[in-house]
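this one's sequence-less:
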Ligand SMILES: Nc1ncnc2c1ncn2[C@@H]1O[C@H](COP(=O)(O)OP(=O)(O)OP(=O)(O)O)[C@@H](O)[C@H]1O
């Protein structure tokens, strides 16, 4: 509407005006939600949305990436983009437009948990294996033993124990990183959220396995259905 009025007044003749206006908004530090709204308005008004998208996709999805950074050190760009496209799709629909009309692909409707988990760690693979060189000799023995077991066909469970502060958590980082680097799925859980957040991608055990927290429920039936995505992931 504003653009129509501006056009009528001869203030918005050039198609590049939309791009310039958007550039300016980004420079002034507008919030991603604001940018997304303006992006959709400009797109439905006929501004070259693809050019804006190509230059500013990272700003449009900055908050989505930040949110993912709480659980992963390197969110995969495809995951960020997919979530961003879902939001834009909904905004555009509200304005009577669509992603296809402006030349963007529709988001993938339903990403399986396995895909999401793999994608989440595929972003910056070289960053996954840090810490390995700084391990103590004792930690190195643990690292080698665990890595050895992971290549066996029928690996047995491993229990790592040691005095408080000995470096048990620390030694897990390069193990997790090395395995994720070669596309192994690593699901990390701890019984408290505080402990879970020590690990990249850590989740509360109750959440991951769908364990009910109702102490009066004697059956402890998991909320994870046998044919669910989560079951496949597990
Ligand atoms: N090889 C290492 N190089 C540098 N810092 C290390 C190393 N190993 C452990 N640390 C540091 O020592 C501290 C204790 O390590 P960590 O938390 O892994 O111990 P923990 O055995 O898991 O402890 P707790 O039993 O209390 O959970 C942490 O600050 C960790 O960063």
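Looks like it came in fine. If you're wondering where the values come from, they're calculated on a predicted model, not measured in any experiment.

Any stretches of this structure with poor pLDDT?
Along the chain, the parts satisfying pLDDT under 70 run over 1-15, 71-73, 110-111, 123-130.

where exactly do the strands run in it?
With strands called from DSSP state E, the chain shows them at 189-190, 203-204.

Just list what the first one packs against, helices and strands only.
Strand 189-190 makes packing contacts with strand 203-204, helix 205-209 when contacts are defined by 3 or more CB pairs under 8 Å, 6 or more residues apart in numbering; DSSP states H and E. Where you see a C-beta, it was placed from the backbone N, CA and C, and this is true even at glycine.

Repeat the analysis, applying 7 Å as the threshold.
Secondary-structure packing of strand 189-190 (3 or more CB pairs under 7 Å, 6 or more residues apart in numbering; DSSP states H and E): helix 205-209.

Would you pull up how far the helix it packs on lies from the middle of the chain?
Counting by CA atoms, centre = their mean, to the nearest Å, helix 205-209 is centred 19 Å from the centre of its parent chain.

circling back: the ligand: which of the strands of the chain is closest?
strand 189-190 (10.3 Å; CB to the nearest ligand atom).

Find the nearest non-adjacent residue to the residue sitting nearest the centre point of the chain, please.
In the chain, the centroid-proximal residue (CA atoms, centre = their mean) is residue 68; its distance is 4.0 Å. Spatial nearest neighbour of residue 68, excluding adjacent residues (CB to CB, 6 or more residues apart in numbering): residue 75 at 3.7 Å.

and what of residue 89?
With sequence-adjacent residues excluded and distances taken as CB to CB, 6+ apart, residue 89 is closest to residue 99, at 5.3 Å.

Would you quantify the distance from the one you found to the ligand?
45 Å (CB to the nearest ligand atom, to the nearest Å).

Next to the ligand, which bits of the protein? Give me the list.
Counting by CB under 6 Å from any ligand atom, the residues of the chain close to the ligand are 134-136, 139, 162, 164-170.

Now, those that are in helices?
139, 168-170 (DSSP state H).

Any quick ChimeraX command for the buried ones out of these?
A single ChimeraX command suffices to select whichever of those are buried according to 16 or more other CB atoms under 10 Å:
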select :139
